[in-house]
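# predicted model and sequence follow; I will ask about them next.
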Amino acid sequence: CHSAADGLIQTSKETYNLFFKTFGRNSIDGSGLIMDGIFDYYDPDLCPNAFWDGEKTNYCPGVISDDIVAHEFGHAY
């Protein structure tokens, strides 16, 4: 069984690899910037949801999946 953190790390890696291999893009700034994500983020006005806040991706409990993580990092790219 994988934890939410493990899932976020693995899917973030896969998303990075997709953008790098497909578009030659080295992270969200093109210069290798670390891709940050927060799991188990909780705000009663925003959860359940996931979002890009301009600096990092944020995921409410239970919403980490490969398509959601890739979608949020897509906003960053």
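That came in fine, so what should we check first? Residues are numbered from 1 along each chain as shown.

# and the next element down the chain from the longest helix belonging to the chain?
Taking DSSP state H as the criterion, the chain has its longest helix at helix 4-23. Elements were assigned by DSSP states H and E; along the chain past helix 4-23, the next helix or strand is strand 37-38.

# what lies in contact with that following strand?
Leu8, Ser12, Lys56, Thr57, Asn58, Tyr59, Val69, Glu72 (CB atoms under 8 Å, 6 or more residues apart in numbering). Yep, even glycine has a C-beta here, placed from its N, CA and C like the rest.

# spatially nearest residue to the second one, not counting backbone neighbours?
Take Ser12 and drop its neighbours on the chain: the residue closest to it by CB to CB, 6 or more residues apart in numbering is Met35, 5.4 Å away.

# same check, this time on the last one
For Glu72, ignoring the flanking residues on the chain, the nearest one in space by CB to CB, 6+ apart is Thr57 at 4.1 Å.

# sorry, back to before: the longest helix of the chain - contacts with which helices or strands?
helix 66-76 (3 or more CB pairs under 8 Å, 6 or more residues apart in numbering; DSSP states H and E).

# just the buried residues of the helix it packs on, please?
Of all the residues in helix 66-76, those buried under the rule 16 or more other CB atoms under 10 Å are Ile68, Val69, Ala70, Glu72, Phe73, Ala76.

# picking that back up, quick one: contacts for the residue nearest to Glu72?
Met35, Asp36, Gly37, Ile38, Ala50, Phe51, Val69, Glu72, Phe73, Ala76 are the contacts of Thr57 under CB under 8 Å, 6+ apart.

# could you check the pLDDT of it?
Thr57 carries a pLDDT value of 95.

# and it, how close does it get to Lys13?
According to CB to CB, to the nearest Å, Thr57 and Lys13 sit 13 Å apart.

# Asp36 versus the most centrally placed residue in the chain, what's the distance?
Nearest to the mean C-alpha position of the chain, counting by CA atoms, centre = their mean, stands Val69 at 4.1 Å. Val69 is 12 Å from Asp36, where distance means CB to CB.

# show me where pLDDT drops low in this structure?
Applying pLDDT under 70 to the chain flags residues 1-2.
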